[in-house]
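A.B. asks: coordinates only, sequence not included:
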């Protein structure tokens, strides 16, 4: 199945992990249907792909415009496409968050591997710090920092 099938399904109103679960090997996507909703065919996905791509591009542009109007100057004193730089900064922030989650996941796995008993496991897990909640102000600050770093 096409690699963009999950995005197309979401544009058609399907909800990941409620209606379907997608997994990929980097070459194709495998879908597991979780709900009883009518499943679109490959032809339906192919027909919906151009509209889905246009809607995604529109949402990205709108998100970039919203971010710019909240005080994020994506192109301050830097030659280059403002939207591209802003999207790149957002993706770097998302990657940073994924990496934080991976670190916590790995810390939990390390605690499992090293634990000699349930009490030892509980003690090791208790040492792993919780994630602090993120605020909108922190997001704006992180975006500005990423944009400033890319300007150098």
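C.D. replies: Yep, it's here. As the structure is a computational prediction, the values presented were derived from the model and not from experiment. Numbers count the residues shown, from 1 in each chain.

A.B. asks: go through this structure and flag its longest helix.
C.D. replies: Taking DSSP state H as the criterion, the chain has its longest helix at helix 82-114.

A.B. asks: can you name every helix or strand that that one contacts?
C.D. replies: Counting by 3 or more Cβ pairs under 8 Å, 6 or more residues apart in numbering; DSSP states H and E, the packing neighbours recorded for helix 82-114 are helix 42-69, helix 118-126, helix 136-151. C-beta: built from backbone N, CA, C; applies to glycine.

A.B. asks: could the ones you listed be laid out in TSV, adding distance to residue 20, mean pLDDT and mean neighbour count?
C.D. replies: Shown next, in TSV, are the helices and strands packed on helix 82-114 (distance: least, Cβ to Cβ, whole Å; pLDDT from 0 to 100; neighbours: other Cβ atoms under 10 Å):
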stretch	distance to residue 20	mean pLDDT	mean neighbour count
helix 42-69	12	78	13
helix 118-126	32	91	12
helix 136-151	29	81	14
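
A.B. asks: do you know which of the ones you listed lies nearest residue 99?
C.D. replies: Residue 99 lies closest, by Cβ to Cβ, to one member of the helices and strands packed on helix 82-114: helix 136-151, at 13.3 Å.

A.B. asks: ok, back up a step: ok, which of the helices and strands packed on helix 82-114 comes nearest residue 30?
C.D. replies: helix 42-69 (13.1 Å).

A.B. asks: distance between the closest one and the chain's centre?
C.D. replies: 15 Å (Cα atoms, centre = their mean, to the nearest Å).

A.B. asks: orientation of it relative to helix 82-114 in degrees?
C.D. replies: Interaxial angle of helix 42-69 relative to helix 82-114 (axes from the mean of the first three to the mean of the last three Cα atoms, to 10 degrees): 110 degrees.
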